[in-house]
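Asks: whatever this is, show me its structure:
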Amino acid sequence: MVLTDLVKQFEEAAEESKNLSSRPSNDTLLQLYSLYKQATQGDAGAEGPSNPFDFVAKAKYDTWVRMKGKSRESAMQEYISLIDKLKS
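Replies: Have a look, this model is predicted:
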């Protein structure tokens with residue numbers, strides 16, 4: 001698959017994620033978030049959230065950190081696959 005096609009599919013999936021018929025579970029939302037961040041920004045930085053009581057930000061950061069080393073293309077493909085699964 002050509003990278004530009006993958007990027008186009010990824011952008012379409014990101015748009016479709018806003019119109020899912022039902023809200024995914026929190027775990028699935030975290031997975032979508034981390035795949036999206038990995039695909040668009042790469043590995044998470046060394047600094048986590050500054051507020052230790054911001055549990056949502058911490059959960060998001062921790063999930064993203066687990067993606068470390070995953071290629072941008074692989075993260076995009078997994079994100080697209082997950083959105084396709086959620087749409088059906």
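
Asks: right, and residue 20 touches residue 84 too?
Replies: No: under the criterion of Cβ atoms under 8 Å, residue 20 lies out of contact with residue 84, with a separation of 11.1 Å. In short, each C-beta sits where N, CA and C put it, glycine included.

Asks: got any residues that touch both of these two?
Replies: With contacts defined as Cβ atoms under 8 Å, 6 or more residues apart in numbering, no residue is adjacent to both residue 20 and residue 84.

Asks: can you give me the helices in the chain?
Replies: Chain-ordered helices for the chain, with DSSP state H as the definition, fall at 3-16, 26-41, 55-65, 72-87.

Asks: mind listing what residue 31 touches?
Replies: Contacts for residue 31 (Cβ under 8 Å, 6+ apart) come out as 63, 82.

Asks: same question for residue 20.
Replies: Residue 20 makes contacts with 83, 86, 87, as judged by Cβ under 8 Å, 6+ apart.

Asks: if we go to 10 Å?
Replies: Contact analysis of residue 20 by Cβ atoms under 10 Å, 6 or more residues apart in numbering lists 28, 32, 83, 86, 87.

Asks: and which of those is nearest to residue 15?
Replies: For the contacts of residue 20, the closest approach to residue 15 (Cβ to Cβ) belongs to residue 83, at 9.5 Å.

Asks: how close does that closest one sit to residue 46?
Replies: Residue 83 sits 29 Å away from residue 46, going by Cβ to Cβ, to the nearest Å.

Asks: of the two, who's got more company?
Replies: For the pair residue 83 and residue 46, the greater number of neighbours falls to residue 83 (21 against 6), based on other Cβ atoms under 10 Å.
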